[in-house]
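>>> from the sequence below, what's the structure:
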Amino acid sequence: MKRILVVCTLLFLCLAAFAQDKPAAKTKKEAKPTAAAPSGMPPMPKPGPEMKKLISQLGGNFTSTMKSEPMPQFNMPASTSTGPARLYAGPGGLSLIETVNATDEHGMKFSGHGIFYWDPKAKAYKGIWCDNGTPSGCMEGGTGNWQGDKLVFTGPMDMMGKTYNVKSTYSDFTADGYLFTMETGEGSGPMQKMFTVEYKKSAPKAATPGK
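This next block holds a predicted model:
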C-alpha cells in the first residue's frame, strides 16, 4: 500500500511539472507588430515644372538621324547614322534618360546614354552623357535653360588635348519630333557646326492579329 502511494505521488508531481512546462493556449490571435513610420522624415520629392516640361517636350520613342559635318581638326569625315532613340522619365520623374543606338553608312555603330536633370541651386538643367566614342567614357553636358522655344546648353569640352566651347540646342519642336544641333569653337573663335540630330517620332507598332 505504501508503495502504491509513492508511485501515485510521483505521477502527480510529473503531471504538475508537465502542466507548468506546457505553454498557455492563446486566447486571442496576436497581431503582428507594424513598423512605425519614421518621424521627422521629409516627404519624397516630386518633379517640378522644369522637369515636367523637359520630359513633355523631349520624351518619346524616335528614329534619330545624325549628320556629322567634316571636321579635319578632329580627323572626322562627314557621315550620317540612323537608329532608334528613346527618351523617358527617370526614377520619380526627377530626371530624363536617353538611350540611342545608331549605325552609319560605313557600318560603324554608335551607342550613347544620357541623364538630364534640373539643378535648383544653379537654376539650370544639367546632365552627363556617355557613349562609345568618348575616350573617357562620359562627359558633362554643361548647363541649359529655355531661351524662348529653344533649349540651349553651353559649357566646355576637352577634345584632342584642347578645351572647346560647346553649344547644344534643341529646337524646331513639332508633334513629330525636334532637332538637336551641336556647335564647337576654340577660345574666342567662331562656333562651327559639329553635327545635327533629327528626332522623328516612331510610328506605333501595329497590333498582331488575334492578340
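>>> and the next helix or strand past the longest strand seen in the chain?
Longest strand of the chain, by residue count under DSSP state E: strand 162-174. Later in the chain than strand 162-174, the nearest helix or strand by DSSP states H and E is strand 177-186.
>>> what pLDDT, on average, does the longest strand of the chain get?
Taken as a whole, strand 162-174 carries a mean pLDDT of 94.
>>> counting contacts, what elements does that strand pack onto?
Contacts defined by 3 or more C-beta pairs under 8 Å, 6 or more residues apart in numbering; DSSP states H and E place strand 162-174 against helix 49-58, strand 138-147, strand 150-159, strand 177-186. All C-beta spots, glycine's among them, are computed from the backbone N, C-alpha and C.
>>> what's the mean pLDDT across the last one?
Read that as strand 177-186. Model confidence over strand 177-186, given as mean pLDDT, is 95.
>>> now do the longest strand of the chain against strand 177-186, angle only.
With axes from the mean of the first three to the mean of the last three C-alpha atoms, to 10 degrees as the basis, strand 162-174 and strand 177-186 are set at 160 degrees to each other.
>>> now strand 162-174 and strand 138-147, what's the angle there?
In terms of direction (the same axes, to 10 degrees), strand 162-174 departs from strand 138-147 by 50 degrees.
>>> ok, residues contacting strand 162-174?
Under the contact criterion C-beta atoms under 8 Å, 6 or more residues apart in numbering, strand 162-174 has outside partners 57-58, 141-142, 144, 149-158, 178-187, 191.
>>> buried ones among these?
57-58, 141-142, 144, 151-155, 157, 178-184 (16 or more other C-beta atoms under 10 Å).
>>> now the longest strand of the chain against helix 49-58, angle please.
Angle, strand 162-174 to helix 49-58, by the same axes, to 10 degrees: 70 degrees.
>>> which residues of this protein fall in strands?
60-68, 79-89, 95-104, 109-119, 124-131, 138-147, 150-159, 162-174, 177-186, 192-201.
>>> out of the ones you listed, the one nearest residue 53 is which?
Minimum separation from residue 53 across these (C-beta to C-beta) falls at strand 138-147, 7.6 Å.
>>> that closest one packs against which elements?
Contact here means 3+ C-beta pairs under 8 Å, 6+ apart; on that basis strand 138-147 packs against strand 109-119, strand 124-131, strand 150-159, strand 162-174.
>>> how close does residue 44 get to residue 94?
Applying C-beta to C-beta, to the nearest Å, the value for residue 44 to residue 94 is 10 Å.
>>> show me which of the two is the more surrounded one.
Applying other C-beta atoms under 10 Å to residue 44 and residue 94 shows that residue 94 carries more neighbours, namely 16 against 7.
>>> run through the residues that contact the residue nearest to the more buried one when sequence neighbours are not counted.
Leaving aside its sequence neighbours, residue 94 sits nearest to residue 47 (C-beta to C-beta, 6 or more residues apart in numbering; 5.4 Å). Going by C-beta under 8 Å, 6+ apart, residue 47 touches 55, 92-94.
>>> all good on my end, thank you.
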